[in-house]
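Visitor: Just to be clear, the model below is a prediction. Sequence and coordinates:
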Amino acid sequence: MKEQLEALRAAALKEIADSDDLAALEAARVRFLGKKGEITAILKQMGGLSPEERPVMGQLANTVRAAVEEAIEEEQRKLKDKLKDLKLAAETVDVTMPGKKAAPGHRHPLSIVLDEVKDIFIGMGFSIATGPEIEWDYYNFEALNIPEGHPARDTQDTFYITEKMLLRTQTSPCQIRYMEGHKPPIRMIAPGRVFRSDPVDATHSPLFHQIEGLVVDKDITMADLKGNLLTLAKKLYGEDTEIRLRPHHFPFTEPSCEIDVSCFRCHGKGCSMCKNEGWIEILGAGMVHPKVLERGGIDPEVYSGYAFGLGVERLAMFRFAVDDMRLFYDNDLRFLNQF
Amino acid sequence: MDLSKRWLNDYVDLHDISDKEFADQITLSGSKVESYSAEGETLSNIVVGKILSLERHPDSDHLWVCSVEVGGDAPVQIVTGAQNLTVGDYVPAALDNSVIANGTKIKKGKLRGVESCGMLCSLGELGLTVHDFPYAIEDGIFVLGDDCDRTPGKDIREAIGFNDTVTEFEITPNRPDCLSVVGLAREAAVTFGRKLTVPDNRYKTAGGNVRDYLHNVTISENKKCSRYAGAVVTNVRIGRSPRWVRERLRASGVRPINNIVDITNFVMLEYGQPMHAFDLRYLDGGEVIVRNAKEGETITTLDGAVRALSPDMLVIADANKPVAVAGIMGGEYSGIMDDTTTIVFESACFDGPSTRRTAKKLGMRTEASSRYEKGLDSDGCVKSLSRALQLVNELDAGDVLDGIIDVYPAPKKQTVIDFCPDWVNHFIGIDVSAEEQKNILTALEFKVENGKIYVPSFRMDVEHKADISEEVARFYGFDKIGSRALSGAAAGGFDEAQKFENLMIRTCLSLGFTEIQTYSFMSPKAYDKIRLPENDPLRESIVISNPLGEDTSIMRTTALPSMLDIVAKNYANRNLEGSLFELATVYLSRGTEELPEEKRVLTVCVYGGENDYFTLKGKVETLLDIAGVTGWDIEALRTDPAYHPGRTAVISVNGKQLVKIGEIHPDTAENYGVGTRICVAEIDFDYLYEIKNTVRLYRHLPKFPALARDLAFVCDKTVPVVTLERLIKQAIGKNLETIELFDVYEGVQVGLSRKSVAFSLKLRAADRTLTDEEADAAVKKAIKALAEIGAVLRA
């Protein structure tokens, strides 16, 4: 019986090893370990053995069975792994093929720039105000120290609705409206559309966007204006950005200035973007004219403030190297999808 | 304003300052330089040549072979085709490897076999005209006159004074005083700390009295003309101005004409004060009346045009007729001619706004009018007049009579401002001593005395201590002002409405809509294009009274045309498919006494490809979900001509329209040239904000299992799905967690004009496990409710 068992072990292990697939392995299992299997059959003969032989043979038989079972399990694992490998191999794809794209919408480049500026000012504790696009002459001009007949009215070719109603030429009327409704301290920006009767070309549009800014408090000086706008410039164009104030004229600020930033492409060395000047003009600003504060119901002897204005199109043109303003309003998807 | 460096140097010595440094520094002190350029920049290697000999070319009947002395060891040989030369003439000689005005390079070569080592130049080849050198001829070689340096070999630009630097300034409208050489010289002097020497105004008279010729000057419109000063010059000797006058005019962009006209232009450029010269012969009655034009009067202006005048226009008249439109242009007879013998010089101050209105009305903006428009200093009239008379002396252009007539009814009061150096320091954030502030102001010709600042008359922009602070700051240096970071806390941030706007925009973007930005104005034809009925109230747009053109002449009352325009443009550009959105403003009139309502509309659009009404509706539903708008009603809309009658709906909340959504009518699409389906939803953004609910409170995740039931009903084809859905919801109540449409079927099996509508219901109770019996009971309720409108459970 011992020989029989040893022979069966050898036969079983061979058959198991020879099994090419799970079916063959199962057949082997049935042949040796099944209810009518050969090892099972031998075990059934145990009854005929002597009491001395029985434990010895029993132990041997169990060892053989365990060995076969283990071999089957082992083989099974191998075959399964092999199958899995085959399946995975079959599932191989060309990973370099293009992905399935989702089609998210694109934010308009003007909005992207505007969002960025809003974000910067929100971070400095500013509020965001708005004002009507169709305005009274009073808010657009008079209250801003631009009375009837003032030469500055000429430089802003105005679209009129009636003699007193017009399309605002600047976001500055928001200064007055905001002061009328808020007491200092004031920190606000007012972005919005403005209109001037400039025919359309690469750098002009009868409609464009400005961002007005206003800060009013006690002891506000031009040094605050400079510090605040330097922060803006650094946030927009990087920490190494510098600004330069050039005296200028706006009727509603005094002193007034235009602000250049050091060219963010060439860092002041001179390139085509800054027309070799090393500086790019991005802002108009100044100390709020005392008369304007008065119009806004704020006592200029107690409070002072500064105001500034930015052109959104101009910022966007620099930011995205757009050379023609018309692209912003053409809304060609081939353009918009780039942002 | 073009400034001649040569002219500037007459009054402030800046010879040692480079052009670039000058431009940089004066820009930083407040006079912005746009650009600067050197005269004759392109010219190179052109020198004065003396013609030593002149011989016929052996093989040509029109060419000459010249031997020209050009300053070198030996003369050079140059062949020329010009016929105006004689031996001994001094001429511009472009040598081998030289460049002339138009950029052409001149090289040594052979002309019909004879060597030519360069080219002799005409005025044109130097970039000049006969106005610059009136004695020269236009179509021949420029023969240098005795007003040139005739040293052979000398650079031609130096020899003829064509070597000025012209600086172009952008002068802000508050500083008309800087539209003059003297004004800029003053700024330059303070900027560079140099001494300003003003032109000499003293002149000699030749006896006689001005009143013998110009009997009377009357101003009948004091508001429009604050001052009128006149002087008379007799024995006028019309001739050319000397080179120094001509070249200063040329550099300033003014063409020299004759000495008298040149003097008026010269003074205008130098002092900023427009001058006019009248020929006394044509001044009837020898008098000047400054008055409004009379009804029906006309004038033929110097440019030959007949102008109809109206009573709001100020004119200079003699006893009978207008002889000039005040401050704008003279009449044809008042001009200076070769036989003019006696002239009246006018130096007057006309009102800016009135001059602007007249100039605009007549469509003639002149150098003079643009200066008056900005406002001129009435105190300066006589100073300028004196300078003109001094130039008459200097140019020997005539005899100046004794006396001037100066009508100045209400002399200007000097502006006086308190001198408060501490306030200035505090306002600007600097620390400049009172002494230093005073020095700056004094250099600018302000008088500082006893705590007061007396503002010079030409600084009409200065009226407040804030203006004084600017004067101090810009010469102290804006760059020296410190920079202080914003300090202190402030309650900033987006407000509720802005946050909601941001949320909706983010949602649109994530739904695949690309943002567009369109004009707020449009053409009235847009209403026809969207097939808006004739009497629709939306046609009552706000009209721009002075539009650029019809296309941008009205303010939109609907953003639909803007969206369709962009779809059309994209479609034409072969972008055949797209999803777009715009948060647009529309403008609804409230009459002329109230500002219009500016309403915001969120327009969303899909077009082309697989996009259809339901693509868009699904996205709009998501938008409403995110906005927290629930319980909206939807109804088909068949009557909007812009939209497809069978594929349009209105979504409303509390009975008020929130969204119009639909496929664009094919006829509308055709009006826009779009050959694919376009679906648009117009969302009333202001209303959406009003009813939004973005507050989110956590609801417990379900603890008990849900039961699913699929139900199909057969009903009349015309019954909207939403009706069935609503009835089911009502019937089952709160245990109905979701209801989803999963199939609509029409076909013979369900009968003609009937349809089968299948829903998938999910039922769940919050507090217990729902039993099958309860679910079945709920379904029964639904079946019963639907039976009332003739919908039966499909077997």
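Guide: Structure received.

Visitor: Tell me what the residue of the stretch 601-750 of chain B found nearest chain A is bridged to.
Guide: Residue of the stretch 601-750 of chain B nearest chain A, by Cβ to the nearest Cβ: B:Val604 (9.9 Å). Quick note: C-beta positions are derived from backbone N, CA and C, even for glycine. For B:Val604, the beta-bridge partners are B:Phe581, B:Ala681 (DSSP bridges).

Visitor: Would you check that my belief about it contacting B:Phe685 is correct?
Guide: No. In this structure, B:Val604 is not within contact of B:Phe685 by Cβ atoms under 8 Å, at 11.0 Å.

Visitor: Between those two, which is the more surrounded one?
Guide: B:Val604 (25 against 22; other Cβ atoms under 10 Å in any protein chain shown).

Visitor: measure B:His15 to chain A for me?
Guide: According to Cβ to the nearest Cβ, to the nearest Å, B:His15 and chain A sit 25 Å apart.

Visitor: measure the closest residue to that residue other than its chain neighbours to chain A for me?
Guide: Distance criterion Cβ to Cβ, 6 or more residues apart in numbering or on different chains; nearest residue to B:His15, sequence neighbours excluded, is B:Asn9 at 6.1 Å. Distance from B:Asn9 to chain A, counting by Cβ to the nearest Cβ: 24 Å.

Visitor: B:Asn9: which element?
Guide: helix B:5-11 (DSSP states H and E).

Visitor: What residues of that helix count as buried?
Guide: Residues of helix B:5-11 classed as buried by neighbour count (16 or more other Cβ atoms under 10 Å in any protein chain shown): B:5-8, B:10-11.

Visitor: got JSON lines for the residues you listed, with distance to A:Lys84 and pLDDT too?
Guide: Formatted as JSON lines, the buried residues of helix B:5-11 follow (distance: Cβ to Cβ, whole Å; pLDDT from 0 to 100):
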{"residue": "B:Lys5", "distance to A:Lys84": "88", "pLDDT": "96"}
{"residue": "B:Arg6", "distance to A:Lys84": "93", "pLDDT": "96"}
{"residue": "B:Trp7", "distance to A:Lys84": "93", "pLDDT": "96"}
{"residue": "B:Leu8", "distance to A:Lys84": "90", "pLDDT": "97"}
{"residue": "B:Asp10", "distance to A:Lys84": "97", "pLDDT": "95"}
{"residue": "B:Tyr11", "distance to A:Lys84": "96", "pLDDT": "96"}
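
Visitor: right, and out of those, which lies closest to A:Glu38?
Guide: Top of the list for closeness to A:Glu38, among these and by Cβ to Cβ, is B:Lys5 at 118.5 Å.

Visitor: tell me the contacts of the closest residue to that closest one other than its chain neighbours?
Guide: Once flanking residues are discounted, B:Lys5 sits nearest to B:Thr165: 4.1 Å by Cβ to Cβ, 6+ apart. Shown in contact with B:Thr165 (Cβ atoms under 8 Å, 6 or more residues apart in numbering or on different chains): B:4-6, B:19, B:36-39.

Visitor: so where's chain A uncertain?
Guide: For chain A, residues meeting the criterion pLDDT under 70 lie at A:151-152, A:154-156.

Visitor: domains in it, as residue ranges please.
Guide: By the assignment in automatic domain parsing, chain A contains the domains A:2-90, A:109-336.

Visitor: Just the endpoints, please. Distance across the longest one?
Guide: So the one you mean is domain A:109-336. End-to-end distance of domain A:109-336 (Cα to Cα, to the nearest Å): 7 Å.

Visitor: Also stretch B:135-148?
Guide: Taking Cα to Cα, stretch B:135-148 runs 12 Å from one end to the other.

Visitor: ok, residues contacting it?
Guide: Residues contacting stretch B:135-148 (Cβ under 8 Å, 6+ apart): B:48, B:80, B:82-85, B:89-92, B:120-124, B:126, B:128-130, B:133, B:150, B:159-161, B:240, B:242-243.

Visitor: Sketch out the helices for the stretch 51-200 of chain A, chain order is fine.
Guide: Counting by DSSP state H, counting those that start in this stretch, the stretch 51-200 of chain A has helices at residues A:53-90, A:109-123, A:137-140, A:152-155, A:173-181.

Visitor: packing partners for the first one?
Guide: If contacts are counted by 3 or more Cβ pairs under 8 Å, 6 or more residues apart in numbering or on different chains; DSSP states H and E, helix A:53-90 sits against helix A:2-18, helix A:22-33, helix A:38-44.

Visitor: In contact with B:Ser562, which residues?
Guide: Contacts of B:Ser562 by Cβ under 8 Å, 6+ apart are B:518-519, B:522, B:556, B:582, B:584, B:603.

Visitor: does chain B sit close to stretch A:273-282?
Guide: No. Counting by Cβ under 8 Å from any Cβ of the partner chain, no contacts exist between stretch A:273-282 and chain B, the nearest distance being 9.5 Å.

Visitor: Give the buried residues for that stretch.
Guide: Judged by neighbour count using 16+ other Cβ under 10 Å, the buried positions of stretch A:273-282 are A:274, A:278-282.

Visitor: tell me which parts of the stretch 51-200 of chain A are close to chain B?
Guide: A:102-108, A:110-111, A:121-122, A:124-128, A:132-136, A:148-149, A:151-152, A:154-155, A:159-162, A:164-165, A:167, A:185, A:187, A:193, A:195, A:197, A:199.

Visitor: switch to 6 Å and redo it
Guide: Applying Cβ under 6 Å from any Cβ of the partner chain, we find that the stretch 51-200 of chain A lies next to chain B at A:103, A:105-108, A:110-111, A:122, A:124-128, A:132, A:134, A:149, A:151-152, A:159-162, A:187, A:197, A:199.

Visitor: Quick check: ChimeraX command selecting the buried ones in those.
Guide: Buried members of these, defined by 16+ other Cβ under 10 Å, are picked up in ChimeraX with:
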select /A:105,106,107,108,110,111,122,124,126,127,128,132,134,151,152,159,161,187,197
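
Visitor: Okay, and which of the residues of the stretch 51-200 of chain A next to chain B map to strands?
Guide: Among these, the ones falling in strands (DSSP state E) are A:127-128, A:134, A:187.

Visitor: coming back round to it: most neighbours out of the contacts of B:Thr165, which is it?
Guide: Neighbour counts for those (other Cβ under 10 Å) peak at B:Ser4, which has 22 neighbours.
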